[in-house]
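Asks: Got a sequence here, can you model it:
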Amino acid sequence: MGLFENINFDAASTPDSSYDLRFMDTPCDHNIRDEQPVYSLQPIITTTVYSGTDVIYNVSTYSGAIDPEASFLITTQFPYINDGSFSVSQGVFLNTKDPIVESIVVPSPITNNVSLTYPPKTNSVSAKQLISLSNNEITYIPFTRYNLYQLFGNIQFTNSNDIGQTILFSYFADKKPIIKTNQDGTSNYNFEGLNSQGQGIFRIFGRAILSTRAQIFIRYKTAINNCPKCAGAGILNDINFDVHGRLQLVYDFSKLIQDYFKRFYTDKGSNSFDLTEGTSIPSLIGAAKGDTLTLESLIKAEVVNLLFQIRSKQKIQQGIQGIGLAEQIAQINSIAVRALNATDISISIEILSKSGQIQQIGSTISIAGGN
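Replies: So this is what the prediction gives:
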């Protein structure tokens, strides 16, 4: 059971509610993001490697062109759940001090959009206009008569007097998504199947690749038992986003739950700014299991002290900022600590908040190691 399983995060807060970012008990989506698979571009290059392996980036540099009909294979690192979650994007290997430089001629009419090859990283774009002097020399002057649409790298020029002029844009490339199917119906990548380990095998065609120094990133969903983020637990202790892509907040009773568990699993004395913060419960994990009754008594005492810690800190907070009634502890109705088996102890607490609501907080700890 999750810590916030019975919490309605759409419930309205009050003017006095205090907030915190939710970072405990976040459901894991098991999505692998921006994995860089092992691959070779050699099958799609019309000529051979001319400079060997680049030691810095561990890729090869090629001469020649890209064959649009040729392809190469990539394999997911973890087992792939074939639910359509796979996506692929590309960047380009460059020295981090050297930006990409592209030459663009201002179109006629200027209402026509032009695009940089890659989406540029934020605040990395600069432009110069090429000026040919009478003695056949070339110079460059700063150019600002354009609008940049950052997300896709689209450029809209703003002055018709610039039509036909050559503008040099320099920028650092961000990742560019590779669409699965082009407008003419040709595929940029195909799912080939699963190997014996359940890993996904995908074929990427040369027509999708923009550079012989392409850097490939993939995203996909794996199974819970293979998920490297949650290690099969199904939950994460990390910031959480709601369905609208906004950081999720805890307040009122959900904040009380998070405040409780932040301290519950904090080893007392480990916070140099407040040596009273936390409990001694982490030190009991892995302790001898023979005297269960003594352990139950020790844990119950730690839980009582923890709840009094929270209540005393709430009184200090009230003198500084608002705090909702549903977050404040009015009284502790009951605390039950019992052994479930030889290694697991269950803790159940019933609290009456100052809003008049009775709330439950529960957890299970393992005295054999882990929780």
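Asks: Look at Cys230 and give its secondary structure.
Replies: Under DSSP: H, G, I helix; E, B strand; the rest coil, Cys230 falls in the coil class.
Asks: mind listing what it touches?
Replies: Applying Cβ atoms under 8 Å, 6 or more residues apart in numbering to Cys230 gives the contacts Cys28, His30, Ile224, Leu236. In short, each C-beta sits where N, CA and C put it, glycine included.
Asks: Those residues into TSV, with extra columns for secondary structure, pLDDT and distance to Leu247?
Replies: Below are these laid out as TSV (DSSP: H, G, I helix; E, B strand; the rest coil; pLDDT from 0 to 100; distance: Cβ to Cβ, whole Å):
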residue	secondary structure	pLDDT	distance to Leu247
Cys28	coil	84	17
His30	coil	91	20
Ile224	helix	92	24
Leu236	strand	78	14
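Asks: Output the lowest mean pLDDT helix or strand found in this protein.
Replies: Among the helical and strand segments of the chain, the one scoring lowest on mean pLDDT, DSSP states H and E is strand 49-54, with a mean of 43.
Asks: are any of the contacts of Cys230 buried, and which?
Replies: Cys28, His30, Leu236 (16 or more other Cβ atoms under 10 Å).
Asks: per-residue confidence for the closest residue to the first one other than its chain neighbours?
Replies: The spatial neighbour of Cys28 that comes closest, neighbours along the chain excluded (Cβ to Cβ, 6 or more residues apart in numbering), is Cys230 at 3.8 Å. In the prediction, the pLDDT value recorded for Cys230 is 84.
Asks: Make sure Thr117 is indeed in a strand.
Replies: No: assessed with three-state DSSP, Thr117 is coil; it does not lie in a strand.
Asks: Following the record's annotation, map out the domains of this protein.
Replies: 19-25+237-366, 31-94+176-223, 100-171 (automatic domain parsing).
Asks: out of those domains, which comes closest to Ala12?
Replies: Each of those was scored for nearness to Ala12 using Cβ to Cβ, and the closest is domain 19-25+237-366 (9.5 Å).
Asks: State the mean pLDDT of that closest one.
Replies: Domain 19-25+237-366 carries an average pLDDT of 77.
Asks: List just the nearest of the contacts of Cys230 to Gln309.
Replies: Comparing the contacts of Cys230 against Gln309 with Cβ to Cβ places Leu236 closest, at 25.8 Å.
Asks: Spatially nearest residue to that closest one (excluding sequence neighbours)?
Replies: Leaving aside its sequence neighbours, Leu236 sits nearest to Thr26 (Cβ to Cβ, 6+ apart; 4.6 Å).
Asks: Having no further points to raise, I will conclude here.
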